[in-house]
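# Below are the sequence and a predicted model; questions follow.
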Amino acid sequence: MRTLLIGIVRFYQVAISPWFPAACRYTPTCSQYMVEAIQKHGAWRGVWLGLKRIGRCHPWGGYGYDPVPEKEDKTGSGKG
């Protein structure tokens, strides 16, 4: 599933994105963010994080460096 989703994003990056002007508000771009989120968090959570990022990408939204969040530690060992 991850490979399929990443393949769809890569297709967008190569075949569709070049037809539009570069207007990215964030670093990394939304498509690269989606790929990294899927790789780090898996298919479902990665797509959810990517869609949330795309939803923030508008003229009244933020801008700048916005990395993919780290995966949460669910073992209960936590920090400190």
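Cool, the structure landed.
# how about Pro69, secondary structure?
Under DSSP: H, G, I helix; E, B strand; the rest coil, Pro69 falls in the coil class.
# Wait, it touches Gly46, no?
No: with contacts defined as C-beta atoms under 8 Å, Pro69 does not count as touching Gly46, sitting 10.9 Å away. For the C-beta atoms, the positions are set from N, CA and C on the backbone; glycine is no exception.
# Between these two, tell me which one has more neighbours.
In terms of neighbours (other C-beta atoms under 10 Å), Gly46 is the more surrounded of Pro69 and Gly46; the figures are 22 against 10.
# Please, which helix or strand holds the more buried one?
Using DSSP states H and E, Gly46 maps to helix 43-56.
# Can you list the buried residues in that helix?
If you call a residue buried by 16 or more other C-beta atoms under 10 Å, then helix 43-56 has these buried ones: Gly46, Val47, Leu49, Gly50, Arg53.
# helices or strands next to it in the packing?
Judged by 3 or more C-beta pairs under 8 Å, 6 or more residues apart in numbering; DSSP states H and E, the packing partners of helix 43-56 are helix 2-11, helix 30-41.
# what angle separates that helix from helix 30-41?
Counting by axes from the mean of the first three to the mean of the last three C-alpha atoms, to 10 degrees, helix 43-56 points 150 degrees away from the direction of helix 30-41.
# Just checking the distance from helix 43-56 to the centre of its chain.
Helix 43-56 has its average C-alpha position 6 Å from the chain's average C-alpha position, going by C-alpha atoms, centre = their mean, to the nearest Å.
# same deal with stretch 28-48?
Distance of stretch 28-48 from its chain centroid, counting by C-alpha atoms, centre = their mean, is 4 Å.
# Pull up the distance across it, start to finish.
Stretch 28-48 has an end-to-end distance of 17 Å (C-alpha to C-alpha, to the nearest Å).
# Tyr63 is in contact with Arg25, isn't it?
Yes: in this structure, Tyr63 sits in contact with Arg25. The criterion is C-beta under 8 Å, and the distance is 4.2 Å.
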